[in-house]
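[1] Below is the sequence, then the predicted model.
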Amino acid sequence: QKEVEQNSGPLSVPEGAIASLNCTYSDRGSQSFFWYRQYSGKSPELIMSIYSNGDKEDGRFTAQLNKASQYVSLLIRDSQPSDSATYLCAVRSGTASKLTFGTGTRLQVTL
Amino acid sequence: DTEVTQTPKHLVMGMTNKKSLKCEQHMGHRAMYWYKQKAKKPPELMFVYSYEKLSINESVPSRFSPECPNSSLLNLHLHALQPEDSALYLCASSQVVLDSYEQYFGPGTRLTVT
């Protein structure tokens, strides 16, 4: 059973702080890793993808991948109230186009 | 442009009705997906079409019937649904490229079965 695990939260951070969201996965053969943001009642929105070890930065977002530790994280710098949402980690393994989603971490950015 | 469109936005249907959900993308993606999402749960894969052929069926009940008329369109035909089928139905699309498969979701159809 391929698993993707996330802390369900809520993770509460003050405005302007760095939010750190973590995800672990069980399948060592996993190849592609994605972070989606989902506002309540809306559909998931792809915000980051990462395929190789290390960091990938896009604006205020940084994705970090460590395949040896089977760990992927998302850092959000200068957190804003508009970042308050559920963040879903998704992992692709093998040649199929199937994603395995974590249960999501709810982030609350407080004023 | 990373837009996937879905119609209708909301649908209420009785258990004896037949209805269809529609999804369209114009990004040239050759893989399209149907997901079901219940409240406070992650999306749950139902079907995958790759190059207009059904490649994955996650043991979905036959009251859900997918169809891919062409590379841009994906339908989900619904018949004799149960109240527990009420959920947000999401369509997604992606390239079929090694080391990619970034999936882009549509806005979803909120389905209520009465």
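    Noted; the coordinates are in hand.
[2] Any part of stretch A:56-75 near chain B?
    No. On the criterion Cβ under 8 Å from any Cβ of the partner chain, stretch A:56-75 is out of touch with chain B, staying 12.8 Å away. Backbone N, C-alpha and C define where each C-beta goes, glycine included.
[3] Enumerate the residues of chain A near chain B.
    A:31-32, A:34, A:36, A:42-46, A:49, A:51, A:88, A:90, A:92, A:95-99, A:101-104.
[4] out of everything not next to it in sequence, what's closest to the residue in chain A positioned nearest to chain B?
    Of all residues in chain A, residue A:101 sits closest to chain B, at 3.7 Å by Cβ to the nearest Cβ. In this structure, residue A:101 finds its nearest non-sequential neighbour in residue B:42, 3.7 Å apart by Cβ to Cβ, 6 or more residues apart in numbering or on different chains.
[5] Against residue A:30, how distant is residue A:65?
    10 Å (Cβ to Cβ, to the nearest Å).
[6] I misspoke; the intended subject was residue A:89.
    Going from residue A:89 to residue A:30 by Cβ to Cβ gives 11 Å.
[7] Neighbour count: these two, which is higher?
    Neighbour count, other Cβ atoms under 10 Å in any protein chain shown: between residue A:89 and residue A:30, residue A:89 has more, with 28 against 19.
[8] Identify the bridge partners of residue 5.
    I went with chain A, as the question did not name one. residue A:24 (DSSP bridges).
[9] wrong one, chain B
    Beta bridges link residue B:5 to residue B:24 when assigned by DSSP bridges.
[10] which residue ranges form the strands in chain B?
    Taking DSSP state E, the strands of chain B run over residues B:4-7, B:10-13, B:18-25, B:31-37, B:44-50, B:53-57, B:64-70, B:73-79, B:87-94, B:104-105, B:109-113.
[11] where does chain A have low pLDDT?
    A:1-2, A:95-96 (pLDDT under 70).
[12] Residue A:99 is in contact with the residue nearest to residue A:101, correct?
    No. Using Cβ atoms under 8 Å, residue B:42 is not in contact with residue A:99; the gap is 9.5 Å.
[13] more neighbours, the two?
    residue A:99 (26 against 23).
[14] Perfect, I'm done here.
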